[in-house]
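Novice: Give the three-dimensional model of this entry:
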Amino acid sequence: MRILLQNTITAAYFESPDKWTPNRNEALDFGDTERAVKLAYELKLEHVQVLLTFESSQPDVILPLHHI
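Specialist: Numbering: from 1, shown residues only. Now for the predicted structure:
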């Protein structure tokens, strides 16, 4: 399983604070949801969601983030 941040408007994936990619394979894998959520809030990212992706044919799991 990979844990990614995805922009809900552009569908791009977080690679670094100043770089987003359309290719999910190039996206930063956060390893756990807490790390992804913490970074999203620390960087004050807007319009993002946490995306859990799986190697198998399981569908992705989307966790919407709301602004504080």
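Novice: Help me confirm that Gly31 comes into contact with Met1.
Specialist: No - the criterion here is Cβ atoms under 8 Å, and Gly31 misses it with Met1 at 9.5 Å. No exception for glycine: its C-beta is placed from N, CA and C like everyone else's.
Novice: Which parts of this structure are strands?
Specialist: 2-7, 13-16, 19-21, 48-53, 61-64 (DSSP state E).
Novice: ok, what's across the strand from the residue nearest to Leu5 when sequence neighbours are not counted?
Specialist: Closest residue in space to Leu5, ignoring its immediate chain neighbours: Phe14 at 3.9 Å, by Cβ to Cβ, 6 or more residues apart in numbering. Bridge pairing for Phe14 (DSSP bridges) gives the partners Trp20.
Novice: show me the contacts for Ala12.
Specialist: For Ala12, the contact set (Cβ atoms under 8 Å, 6 or more residues apart in numbering) comprises 6, 20-22.
Novice: ok, now with 7 Å
Specialist: Applying Cβ atoms under 7 Å, 6 or more residues apart in numbering to Ala12 gives the contacts 20-22.
Novice: Glu34 now?
Specialist: Here Glu34 is in contact with no residues (criterion: Cβ under 7 Å, 6+ apart).
Novice: Please tell me how far it sits from Pro17.
Specialist: For Glu34, the distance to Pro17 (Cβ to Cβ, to the nearest Å) stands at 18 Å.
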